[in-house]
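Asker: Sequence first, predicted model second:
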Number of protein chains: 2
Amino acid sequence: MRMSTLFAPTRKEDPADAEIASHRLLVRAGFIRMVARGIYSFLPLGWRSVRKIERIVREEMDRAGAQEMRMPGVQPAELWQESGRWDAYGSELLRLKDRKGSDFALGPTHEEVVTSLVRDNLSSYKQLPINLYQIQTKFRDEPRPRFGLMRGREFVMKDAYSFDVDKQAAHESYATMKDAYHRIFTRMGFDFVAVEADTGNIGGDLSHEFQVVAETGEDVIVRCTTSGRAWNVEKAPISIEDAERDPDAQFAELEVVKTPKTHTIAEVSAFLEREASSIVKTLIYLADGEPIAVLMRGDHAANEVKILAHLRASGLDCAELVLADDVTVSKVTRAPVGFAGPARLEVPIYADLSVRPMVDFVTGANMKDRHLTGVNWGRDFEVSSFGDFRRAQAGDICADTGSPYEEFRGIEVGHIFYLGTKYSDAMSAKLQGEDGELKPLEMGCYGIGITRILAAAVEQSHDGNGIVWPMPLAPYHVTVLPLQARNEEVMAEAERIYAELRAAGVEVVLDDRDVRAGGKFKDAELIGFPVQIAIGSRGLAEGQVELKQRAAGDKVLVSTDTVVAEVARIVREGLEG
Amino acid sequence: MRMSTLFAPTRKEDPADAEIASHRLLVRAGFIRMVARGIYSFLPLGWRSVRKIERIVREEMDRAGAQEMRMPGVQPAELWQESGRWDAYGSELLRLKDRKGSDFALGPTHEEVVTSLVRDNLSSYKQLPINLYQIQTKFRDEPRPRFGLMRGREFVMKDAYSFDVDKQAAHESYATMKDAYHRIFTRMGFDFVAVEADTGNIGGDLSHEFQVVAETGEDVIVRCTTSGRAWNVEKAPISIEDAERDPDAQFAELEVVKTPKTHTIAEVSAFLEREASSIVKTLIYLADGEPIAVLMRGDHAANEVKILAHLRASGLDCAELVLADDVTVSKVTRAPVGFAGPARLEVPIYADLSVRPMVDFVTGANMKDRHLTGVNWGRDFEVSSFGDFRRAQAGDICADTGSPYEEFRGIEVGHIFYLGTKYSDAMSAKLQGEDGELKPLEMGCYGIGITRILAAAVEQSHDGNGIVWPMPLAPYHVTVLPLQARNEEVMAEAERIYAELRAAGVEVVLDDRDVRAGGKFKDAELIGFPVQIAIGSRGLAEGQVELKQRAAGDKVLVSTDTVVAEVARIVREGLEG
């Protein structure tokens, strides 16, 4: 490809709304352009990289025995009503009506379509296991689309769905997919971790997120420093000290103190000169709409999955637990947000185990700009029950090994779920097993964010000058830069190297534009070609060209006789990983 | 691939709504399944063939210098308002609102997105020509989805858009695409014709449809029997006899005759025992909402493109010409539909040139179950003007060569347009030319119906037993059929041939199911594998297997020693065309 004809409009300026590197660089390097909020066009360079991502995913899915197919993007409401998600899914599901007024959804996921397809077309358990996948454009009406491709509304996803005769077979299908995902992200050159995750409302009891390690990641992950096992912070098992309060403890007097404009734990801690661990924060939740209070130590974070489990274990038949909105908080505490406290609160109070041994702690006073000191449970308020409500964080002790967790951030590029029979029960997808009995199919679902991977790769690999593509995802492997476009000898040598590299199967862009050398280098760095070959009249006089590998950064002089073979070798090795 | 794991649910029964072979067979052979009207899932076999179609299209588009990219499916209304099509497009454009209430459309085509993209990202004519294409799922809210993939609502299309500095360069881009299309449809093994077509409201003055010849095609095409040049019936130039009426003609008396239940020309002709060519039909049109009548000889069809041009040439500033609805017809003629006639009609009457020499013809009487005989223009009604309004049909004389036209039916699989500056004018997409002047870009657009090709291939190539895939589009090239699944020797030989064919790069399905030979043959024929290898115990005893090519149909015995090499050769030759 010649740069003069390639549609790769590079830019000097960052897009105004770009907050992270991948958004900035993919726009500036001419890979993507925004069409509407969270909706992008992929320009030729961007689409080439996407197609390489697709190819790796496809090869490994096929190798794992999955079968590619394609379900429609526009899905009839009837199917979603059958599963119960037409009402349950919320406003990320873009609903629409056709010209006859029938209801449809723009599919963000395809459990309903695939379950009905398999239900209607399989007749015997002998046809199982089956794993169907597709690579398809999805739509999810994100409330706050941002970060470029990272949290878009229209995006390309690979989604796969496995069907098995029983739970053991379903777990085997799950393990096969987990292995395939390892191969996929390894082949893409990622530093990634498979993280054990909570299944939430999905159905089954087994789930892993595949997280690319990146400082800009939206997700926080903890990893045991001994076993190396990584967990979603809500799922990580932490060793909890279940301590009692010193029965002989003397309580200080309860005091109201002025704490103007101190809304956060950090602000209260600084203002009162008390450790965060001696402050107790009061979180107001709605349990199926009814307010409750949850007390956490100031330096801890709450884990809603654990709270919900505790409520259910306490006999509360609670389906949904969400943080209360500001209006509710003000109503419950009769104070502005930021000053909630347990004393005189008229809702049930649940407290984390770490609050139990505490004496004379600080809480909000349920009054504007006021906190209480010398607070003690039992004397100043009653606790309905104590439980383990903590979210894991760095320094917490792994319950499995006794070693501390370390924390890092990640970008989720894949997520696999064992679904159990949630959808096959709802949609009556049953088959006769070997024993002749009708049983609901055991399902799994397996997603990969194809276009998100483009952004994740840039987040993980870039520098001040631009993108640093790993060879397998680079839109082109090599760029040839004739530094003096009007020098015939330079151009002839550039054309020769360009032609010979192409003949050797290398994907190469010849920057044949009549622009200054500085501009060519800038664009080459920004676009992030793994290999640059710079051809200048001075070097040529000595039979040499300059070779630079983008990742390593250093330039070496190479003979014009050997440069093609040398570059072909670098590319081959880069592709083999 | 093994048939026991392949998700290819074949069926004995035709789908109830199937009217044509491709719809019946693609469903029965397990290639597609309906999800909603005009909306299909592509099962693994169907999707494999679609991907082969995509690959051929992609290779030829790349070879022609076009660059692949991807624009979004969900498009903001603003762009369509800029081009004026938000209001003009009609109800095939599926409009929707996002969670914030902003207007979007599910893109049936991408002129607006691509024009704004090029406008905002090109700065110099030196970057032209440019041709951007995508292969993408489109949505068109068809009023009457039917014929399976042939007239669906959601479908995969290749759409390309060229941008040039002037008309001559745009015509060159057009010619390059025309050549690429010829290569594409030739490689797919189609009997096809490039048909000169009218550009309608699209903009430019040059357009070709690529029509696959098939009896079930929706389009009628005429071809000059001398030059072989083919035309859309509205565009074909016909040699018109511009005859006057015999000035000495004696007129018969005007008579009202009873013609009960004769609504069509054929019925009137049969009932009155008069040739269709002695009957004149009266068509009521709305020209920008105002009714007019158009008279055609009974054996001729009207060409609205010509009528519209005639009205404009007559000084009528008419934007849109449509056949009047039944209510309007009844109002204008004061009679039920089917009995319209020119006499006593109070709207302007335009007549085709072939009506001019006619004497004593038959027309409707503007009364229920009545026609008039002995009708003559000038005496019984006045004609505003005569013009050439005829649509070409078999037997008409080609104006270019003087030879008669032949007629055939086709399935449109591709359509190319020179657009001119319709979109670049509306959306202000301009570039400085070499002379420094700002000029609107000259555009072309080029579509291929990727999933429609799947149906067209089946229409063109099937028999009573199923599909007959051309090698380049077959989901798999070969099927290996062990006829006795419980015979170890037979299975071992089948496995050997299967393994060796795969090693030779042949795409092969081993029918390893424990079902009867008849069932395997039936499915193999239905699915349409180009080559079948049947392995039975009797043949094996003599070292032979049975080889059948689906298209040719005859079976030959081949030695087990040579069958792999022989089949690999057949496949290779089939792929090379």
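Answerer: Happy to help now that I have it. Residues are numbered from 1 along each chain as shown, chains lettered A, B, ... in the order given.
Asker: all contacts plus neighbour counts: C-alpha atoms, from now on.
Answerer: OK.
Asker: Over in the stretch 151-300 of chain A, which residue gets nearest chain B? Let me know.
Answerer: As assessed by C-alpha to the nearest C-alpha, chain B sits closest to A:Glu154 within the stretch 151-300 of chain A, at 7.2 Å.
Asker: Ignoring the adjacent residues along the chain, who's closest to that residue?
Answerer: Closest residue in space to A:Glu154, ignoring its immediate chain neighbours: A:Phe139 at 4.5 Å, by C-alpha to C-alpha, 6 or more residues apart in numbering or on different chains.
Asker: right, quick check: stretch A:165-176 against chain B, any contact?
Answerer: No. Counting by C-alpha under 8 Å from any C-alpha of the partner chain, no contacts exist between stretch A:165-176 and chain B, the nearest distance being 13.9 Å.
Asker: Please identify the buried residues of that stretch?
Answerer: By 16 or more other C-alpha atoms under 10 Å in any protein chain shown, the buried positions in stretch A:165-176 come out as A:165-167, A:169-171, A:173-174.
Asker: do the same with stretch A:437-447
Answerer: Buried positions in stretch A:437-447, judged by neighbour count with 16+ other C-alpha under 10 Å: A:439-447.
Asker: again with stretch A:306-318
Answerer: Within stretch A:306-318, the residues that qualify as buried by neighbour count (16+ other C-alpha under 10 Å) are A:306-308, A:310-311.
Asker: can you list these in JSON lines and add distance to B:Lys522, pLDDT and secondary structure?
Answerer: Shown next, in JSON lines, are these (distance: C-alpha to C-alpha, whole Å; pLDDT from 0 to 100; DSSP: H, G, I helix; E, B strand; the rest coil):
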{"residue": "A:Lys306", "distance to B:Lys522": "57", "pLDDT": "91", "secondary structure": "helix"}
{"residue": "A:Ile307", "distance to B:Lys522": "59", "pLDDT": "94", "secondary structure": "helix"}
{"residue": "A:Leu308", "distance to B:Lys522": "56", "pLDDT": "92", "secondary structure": "helix"}
{"residue": "A:His310", "distance to B:Lys522": "59", "pLDDT": "93", "secondary structure": "helix"}
{"residue": "A:Leu311", "distance to B:Lys522": "60", "pLDDT": "93", "secondary structure": "helix"}
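Asker: Tell me which two in the residues you listed are the farthest apart.
Answerer: Pairwise distances across the buried residues of stretch A:306-318 peak at 8.7 Å for A:Lys306 and A:Leu311 (criterion: C-alpha to C-alpha).
Asker: Mutual contacts of those two, please.
Answerer: With contacts taken as C-alpha atoms under 8 Å, 6 or more residues apart in numbering or on different chains, A:Lys306 and A:Leu311 have no neighbour in common.
Asker: Out of the buried residues of stretch A:165-176, name the ones that lie in helices.
Answerer: Among the buried residues of stretch A:165-176, the members falling in helices (DSSP state H) are A:167, A:169-171, A:173-174.
Asker: Take those residues and lay them out in a markdown table including pLDDT and distance to A:Thr264.
Answerer: Output for these, formatted as a markdown table (pLDDT from 0 to 100; distance: C-alpha to C-alpha, whole Å):
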| residue | pLDDT | distance to A:Thr264 |
| --- | --- | --- |
| A:Lys167 | 94 | 46 |
| A:Ala169 | 96 | 49 |
| A:Ala170 | 96 | 46 |
| A:His171 | 96 | 44 |
| A:Ser173 | 98 | 46 |
| A:Tyr174 | 97 | 43 |
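Asker: Which one of the buried residues of stretch A:306-318 is nearest to chain B?
Answerer: Using C-alpha to the nearest C-alpha, these come closest to chain B at A:Leu308, 29.1 Å.
Asker: Sort out which residues of the worst-scoring helix or strand of chain A on mean pLDDT are buried, please.
Answerer: The helix or strand of chain A with the lowest confidence, counting by mean pLDDT, DSSP states H and E, is helix A:85-88 at a mean of 87. For helix A:85-88, the neighbour count (16+ other C-alpha under 10 Å) marks A:Trp86 as buried.
Asker: for that helix, packing partners?
Answerer: Using 3 or more C-alpha pairs under 8 Å, 6 or more residues apart in numbering or on different chains; DSSP states H and E, the elements in contact with helix A:85-88 are helix A:77-83.
Asker: Would you mind listing the buried residues in the helix it packs on?
Answerer: A:77-80, A:83.
Asker: pull the CA atoms of it into PDB?
Answerer: C-alpha atoms of helix A:77-83 as PDB (Å, rounded to 0.1, in the frame of the first residue of the first chain):
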ATOM      1  CA  ALA A  77     -39.400  -8.800  21.400                       C
ATOM      2  CA  GLU A  78     -41.200 -12.100  21.800                       C
ATOM      3  CA  LEU A  79     -37.900 -13.900  22.400                       C
ATOM      4  CA  TRP A  80     -36.900 -11.500  25.100                       C
ATOM      5  CA  GLN A  81     -40.300 -11.700  26.700                       C
ATOM      6  CA  GLU A  82     -39.900 -15.500  26.900                       C
ATOM      7  CA  SER A  83     -36.700 -15.200  28.800                       C
END
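Asker: rounded to a whole number, what's the mean pLDDT of that helix?
Answerer: Averaging pLDDT along helix A:77-83 yields 95.
Asker: what sits against the residue of the stretch 151-300 of chain A closest to chain B?
Answerer: Neighbour list for A:Glu154: A:38-40, A:137-140, B:72, B:74 [criterion: C-alpha under 8 Å, 6+ apart].
Asker: three-state assignment of the spatially most central residue of chain A?
Answerer: For chain A, the residue nearest the mean C-alpha position is A:Glu412 (2.3 Å; C-alpha atoms, centre = their mean). Using DSSP: H, G, I helix; E, B strand; the rest coil, the structure places A:Glu412 in strand.
Asker: Skip the chain neighbours and tell me the closest residue to it.
Answerer: Nearest to A:Glu412 is A:Gln211, by C-alpha to C-alpha, 6+ apart, at 4.4 Å.
Asker: cool, and A:Glu241?
Answerer: Nearest-residue entry for A:Glu241: A:Ser354, 7.3 Å, with adjacent residues in sequence omitted and distances by C-alpha to C-alpha, 6+ apart.
Asker: Please apply the same query to A:Tyr350.
Answerer: Excluding its sequence neighbours, the residue lying closest to A:Tyr350 (C-alpha to C-alpha, 6+ apart) is A:Val294, at 4.8 Å.
Asker: Likewise for A:Ala105?
Answerer: A:Arg95 (4.4 Å).
Asker: how would you label the one you found: helix, strand or coil?
Answerer: Here A:Arg95 is recorded as strand under three-state DSSP.
Asker: A:Phe339 now?
Answerer: coil.
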